[in-house]
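# The following block contains a protein sequence and its predicted model.
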Amino acid sequence: MSSMNEQRSTVRALPPTTAVPLAAGRRPRSVFLHYSILGLLMGGLWAYNHGESLWEHTERLLLVVLIVPPLLERARTRRRRRLGREGEPQVSLVRLILLKLGVVGAALVATAALRGTVDQIDYWTAAGMTVLVAVIGPALHPWMISSTGARAADR
């Protein structure tokens, strides 16, 4: 019986990652995919609400932008803790929210400025938002990495 308990405890304890640190300026390929998906989701939500008032667009998108990331970060933190990977670098939640607020603000200003002159401005804004997040996101990703997790593991 005791050998079964020993086996069970070794199965649950995973070794820390042995990933090679990335060179300065390099990003994993998954970052490009994640920001492309995030851009599609943000742009898709903006396009889905086409024809409604500008404030309703902004309200709904801000709700998603401000509520979903903290919930996801809580889940990631629990997962890191469970796997024993608390010292790994992580995305700064504050910086991520600030950048998302910037994207929503840019969409708000662009839509307000071009509403009377461009047909179907909501779709154009959604496309611009998608491209902006997919292109600028990976470029700014190294700035968004916080080393607070690594400092907490050293203590």
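Okay, I see it. Numbering: from 1, shown residues only.
# Might you report the residue contacts of the residue nearest to residue 144 when sequence neighbours are not counted?
Distance criterion Cβ to Cβ, 6 or more residues apart in numbering; nearest residue to residue 144, sequence neighbours excluded, is residue 95 at 4.6 Å. The way it works is simple: take the backbone N, C-alpha and C, and place the C-beta from them, glycine included. Applying Cβ atoms under 8 Å, 6 or more residues apart in numbering to residue 95 gives the contacts 143, 144, 146.
# which parts of the helix or strand containing residue 30 are buried?
Assessed by DSSP states H and E, residue 30 sits inside helix 29-48. Neighbour counts over helix 29-48 (16 or more other Cβ atoms under 10 Å) mark 34, 35, 36, 38, 39, 41, 42, 43, 45, 46, 47 as buried.
# That one packs against which elements?
Counting by 3 or more Cβ pairs under 8 Å, 6 or more residues apart in numbering; DSSP states H and E, the packing neighbours recorded for helix 29-48 are helix 54-83, helix 93-114, helix 121-144.
# separation between residue 67 and residue 74?
According to Cβ to Cβ, to the nearest Å, residue 67 and residue 74 sit 12 Å apart.
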